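>>> attaching a predicted model along with its sequence, questions to come.
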Amino acid sequence: MDLAFEIIISGLLIAAGVFGIVGSFGLLKLPDTMTRLHAPTKATTLGVGGVLIASMLHFWVLENTLSWHELLITMFLLLTAPITANLIAKAHLHSFRADEKTSPTGSDRDWATFEDAAVEQQPMITGSGKNQNT
Amino acid sequence: MLRKLFPHPYLTLLLIITWMLLVNQIKLGSLVLAIILGTIIPIITGPYWPDRPVLRNPMAMIGYILVVLYDIVKSNFIVAGIVLFRRNSTLQSKWITVPLDLRSPEAITVLAGTITMTPGTVTADMSGDGRALLIHCLHAPDPDAVRDEIKSRYEARLKRIFE
């Protein structure tokens, strides 16, 4: 029984390692900044996820203790990865506006990154409740 | 009375769960401490949350999380396949605009994060008036299909949860 679980855990670790390598290889292989952003935000999620599941299984089955730290790591990973990607994308758009053919917004306002910060802008998004500015 | 003691019940629940996860053991002492923290922190930070989002349908949240987790696993395989087997010259990466029906900032944040974590798309920016998201697709032969899938698969669900 233990052997079966050890094989499953090893399989998870190997799969995780493969995804980690593919993510890093994508960083090297893809042609420009924006496409490179895709490899680490995605392929690596499953890489880390596989290691975490393997760790939980290992402690649960082979060491007979429950360990939930991994769930917390997963949560933080899912929270931080999109924000990192978004900040890198915004920095890239700032530096290379002319090179990137971004699609139109569909309204008379430009993308938030390109708008002139010095000009007083009326924030159009408000919460579901009362307006905070008044 | 209960409303005054727990001004933000979901935050209280989240703090208790996070604390128990951090402690990594089931002990009565840490549960008591978790409940104390979960009570005090929402009361102290209450003034910083002037417009709290209302969750209309908390159960739909669980369905949404499952859909997103499944899509994250799927997207990992898709992106890995593109990285390994597709030549860079045949890669059709594009910018697309997704017009938003969502208005609550929290719902848009969740949508933007979801888009980044799922098949071949990264959220890059939002329009100045908050009515559209700028999304970069790694490989999208048909940009309209990607936009429609985002709108029907994620945005419609979020609309049911938040608005």
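The structure has been received and is ready for your questions.

>>> how is chain B divided into domains?
B:2-48, B:58-162 (automatic domain parsing).

>>> these: which one's closest to chain A?
Closest to chain A of those, according to C-beta to the nearest C-beta: domain B:58-162, at 3.6 Å. To be clear about C-beta, it is placed using only N, CA and C from the backbone, and glycine gets the same treatment.

>>> ranking the domains of chain B by burial, who's on top?
domain B:58-162 (a mean of 18; mean count of other C-beta atoms under 10 Å in any protein chain shown).

>>> can I get the domains of chain B in a markdown table with distance to chain A and mean pLDDT?
Converted to a markdown table, those look like this (distance: least, C-beta to the nearest C-beta, whole Å; pLDDT from 0 to 100):
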| stretch | distance to chain A | mean pLDDT |
| --- | --- | --- |
| domain B:2-48 | 4 | 82 |
| domain B:58-162 | 4 | 82 |
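
>>> which of those sits closest to A:Thr113?
Taking C-beta to C-beta, domain B:58-162 is the member of the domains of chain B nearest to A:Thr113, at 5.0 Å.

>>> okay, A:Leu13: pLDDT?
We have a pLDDT of 92 for A:Leu13.

>>> against which helices or strands is the helix or strand it falls within packed?
Per DSSP states H and E, A:Leu13 falls inside helix A:2-29. Here helix A:2-29 touches helix A:38-57, helix B:58-85, going by 3 or more C-beta pairs under 8 Å, 6 or more residues apart in numbering or on different chains; DSSP states H and E.

>>> residue contacts, the spatially most central residue of chain B?
For chain B, B:Val110 is the residue whose C-alpha lies nearest the centre (C-alpha atoms, centre = their mean; 3.0 Å). By C-beta atoms under 8 Å, 6 or more residues apart in numbering or on different chains, the contact set of B:Val110 is B:158, B:162.

>>> quick revisit: what angle separates the helix holding A:Leu13 from helix A:38-57?
With axes from the mean of the first three to the mean of the last three C-alpha atoms, to 10 degrees defining the directions, helix A:2-29 sits at 160 degrees from helix A:38-57.

>>> against which helices or strands is the next helix or strand after helix A:2-29 packed?
Using DSSP H and E, the next helix or strand after helix A:2-29 towards the C-terminus is helix A:33-36. If you count contacts as 3+ C-beta pairs under 8 Å, 6+ apart, helix A:33-36 packs onto helix A:69-95.

>>> now do the helix it packs on and helix A:38-57, the angle between them.
Helix A:69-95 and helix A:38-57 meet at an angle of 170 degrees, taking the same axes, to 10 degrees as the criterion.

>>> now helix A:69-95 and helix B:58-85, what's the angle there?
Using the same axes, to 10 degrees: helix A:69-95 against helix B:58-85 is 70 degrees.

>>> and helix A:69-95, what's buried?
A:70, A:72-74, A:78, A:81-82, A:85-86, A:88-90, A:92-93 (16 or more other C-beta atoms under 10 Å in any protein chain shown).

>>> show me where pLDDT drops low in chain A?
Within chain A, the segments meeting pLDDT under 70 span A:43, A:98-100, A:107-108, A:116-134.

>>> centre-most residue in it?
So for chain A, C-alpha atoms, centre = their mean, it's A:Ala81, sitting 2.6 Å from the centre.

>>> tell me how far it lies from chain B.
For A:Ala81, the distance to chain B equals 7 Å [C-beta to the nearest C-beta, to the nearest Å].

>>> that residue touches B:Thr116, doesn't it?
Yes. The criterion here is C-beta atoms under 8 Å, and A:Ala81 meets it with B:Thr116 at 7.0 Å.

>>> find residues that contact each of the two.
Contacts common to A:Ala81 and B:Thr116, judged by C-beta under 8 Å, 6+ apart, are A:Thr41.

>>> which residues touch A:Leu79?
B:Gly113.

>>> meant to ask about B:Ser93, not that
When contacts are counted by C-beta under 8 Å, 6+ apart, B:Ser93 touches A:34-35, B:136-140.

>>> what is the neighbour count of A:Asp32?
Counted with other C-beta atoms under 10 Å in any protein chain shown, residues neighbouring A:Asp32 total 14.

>>> residue 94: what's it in contact with?
No chain in the question, so chain A it is. Contact partners of A:His94, counting by C-beta under 8 Å, 6+ apart, are A:Thr113.

>>> chain B was what I was after
Neighbour list for B:Lys94: A:103, B:136-137, B:140, B:143 [criterion: C-beta under 8 Å, 6+ apart].
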